[in-house]
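Enquirer: give the three-dimensional model of this entry:
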Amino acid sequence: MIPQSFIQDLLARVDIVDVIERHLPLKKGGANYFACCPFHGEKSASFSVSPTKQFYHCFGCGAHGSAISFLMEYSGLPFVEAVKELAGHAGLQVPQESNPSFRSDTAPANDALVDAMTTAARFYREQLKGSPDAIDYLKRRGLSGEIAARFGIGYAPEDWQALRNTFPSYDAKALLEAGLVIENDTGRRYDRFRNRIMFPIQDRRGRIIAFGGRVLDGGEPKYLNSPETPLFEKGRELYGLPQAQKAIRDAGYAIVVEGYMDVVALAQFGVGNAVATLGTATTPHHINTLLRQSQRIVFCFDGDNAGRKAARRALESALEALRDDVTLAFLFLPEQHDPDSFVRAHGAAAFSQAAATATPLASFLLNELRASCPPDTAEGRARLVHEAKPLVTRIAAPMLRLQIVKAIAEAAEFSQSEVESAFGLKPAARTWPQRDTEANFRSASSSPNAPRSNT
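Expert: Numbers count the residues shown, from 1 in each chain. Have a look, this model is predicted:
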């Protein structure tokens, strides 16, 4: 028998859109995706897939369920085989009772971790109410009680073992595995987060799976995240996504920023469609997750060198996730600003206007290439093509890639076919110029065998 906790964790890790798209072509419509139902004959698309609810439903025949039930119905797999196939794509091993390392009394391990995180979040919220310094800090940052409650913000006291007061056993295995406590070489435990504003990190199902803690005024590190655990992988999660989903759909685009406070401050000022990466560079999984919510993503970075380096990493992560029907853009704020300070100084309308006019990915890529490889010499032009090759060949969107190839050829003073050859790309199909087509038509019309007009 497969533990229910494993099944719940598996469904939290996979995306039902990914699963179904391996079998059906889906088309985005509003917040959901649609296709013709594979379980009954139909000509109109009544089969709906919800990335938010992780659920499919056919309005025609009533078929519905999770990613597991889809594999069972579509592929005819037994339950266990469907779970194994799904787990294989997620890189997980299904626990089996025949495995000597598997014991039934440890089956609900992930449930225990979720319970521990929920209990800790409740404790941190209660501690915030009794901490004048923490409340004063949030007020100085311009946050209201409503926004603090919306994001579940709390406070970890300046106490080495504060969590001992809220858990029946401070030595419980779940506290260590969830990353709430640290155990030193002597076996003594202490709280990971102390004297920090606490930001709960939720998965798409709304479960608290990690925390981010920010120092109040000084000290290092400025931000401290939970370690990776059976619940939490930094490269897969985005802070604030559960709160931002509706605003992303309403605005028509998602904003990616770098910090928790940026997300919360933007929400405070009415810009609710922002999310943040979690102490790591933007990953292809982040991008694919957001592209299921909207067809436009704006990456917002500080205007300094560190911001441009982060933007370059985001660009490289995005290349293989690009499609011709989506737009990725880059917004660079003035050097003295981050999103938090910019929206306070200039307001939500100015920030939204800046996001609307952000630099498209193709323009940013070409500008970066020209800056590092000035095309005013033969060597610079050759280097531009050389540096562009590993980037352009990773672009998954065929028409966008063609546009960029043409722009690189023009900048480097090569022909398009020469650049395509250098990149190892198949040349794009050529069409006859219009004047040639007209000339051929006139030639054919003047032929003795051409049909004659009756007029």
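Enquirer: show me the shaky parts of the stretch 301-450 of the chain.
Expert: 428-450 (pLDDT under 70).
Enquirer: could you pull out the strands for it?
Expert: 327-332, 359-360 (DSSP state E, counting those that start in this stretch).
Enquirer: quick one: strands adjacent to the last one?
Expert: Pointing back at strand 359-360 there. strand 327-332 (antiparallel) (DSSP bridges).
Enquirer: residue 137: neighbouring residues, count only.
Expert: By the measure other CB atoms under 10 Å, the count of residues near residue 137 is 17. Yep, even glycine has a C-beta here, placed from its N, CA and C like the rest.
Enquirer: wait, a helix at it?
Expert: Yes - when the secondary structure is assigned by DSSP: H, G, I helix; E, B strand; the rest coil, residue 137 falls within a helix.
Enquirer: please name the residues that touch it.
Expert: Counting by CB atoms under 8 Å, 6 or more residues apart in numbering, residue 137 touches 197, 216, 217.
Enquirer: which of the strands of the stretch 301-450 of the chain sits most buried?
Expert: Among these, the stretch with the highest mean neighbour count (mean count of other CB atoms under 10 Å) is strand 327-332, at a mean of 22.
Enquirer: and that one, how far out from the chain's middle?
Expert: 14 Å (CA atoms, centre = their mean, to the nearest Å).
Enquirer: circling back to that earlier point, nearest to residue 281, of the strands of the stretch 301-450 of the chain?
Expert: Within the strands of the stretch 301-450 of the chain, the stretch nearest residue 281 is strand 327-332; the backing value is 14.1 Å (CB to CB).
Enquirer: hmm, back to that, distance to residue 180 added to the strands of the stretch 301-450 of the chain, as JSON lines?
Expert: Listed next are those as JSON lines, based on distance: least, CB to CB, whole Å:
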{"stretch": "strand 327-332", "distance to residue 180": "36"}
{"stretch": "strand 359-360", "distance to residue 180": "41"}
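Enquirer: of those, which is nearest residue 244?
Expert: The nearest among the strands of the stretch 301-450 of the chain, by CB to CB, is strand 327-332 at 16.4 Å.
Enquirer: just give me the neighbour total for the closest residue to residue 144 other than its chain neighbours.
Expert: Once flanking residues are discounted, residue 144 sits nearest to residue 268: 6.5 Å by CB to CB, 6 or more residues apart in numbering. Using other CB under 10 Å, the number of residues around residue 268 comes to 23.
Enquirer: would you mind measuring from residue 268 to residue 202?
Expert: 18 Å (CB to CB, to the nearest Å).
Enquirer: same question for residue 175.
Expert: Residue 175 is 19 Å from residue 202, by CB to CB.
Enquirer: thinking again about what came up before, just the buried residues from the contacts of residue 137, in PyMOL please.
Expert: Applying 16 or more other CB atoms under 10 Å to the contacts of residue 137, the buried members can be selected in PyMOL as follows:
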select buried, resi 197+216
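Enquirer: for the top helix by length along the chain, give me every contacting residue.
Expert: When the chain is parsed with DSSP state H, its longest helix is helix 109-129. Residues from elsewhere that reach helix 109-129 (CB under 8 Å, 6+ apart): 5-6, 8-9, 134-135, 148, 152-157, 162-163, 165-167, 172-175, 177-178, 180, 198, 200, 207-211, 229-231.
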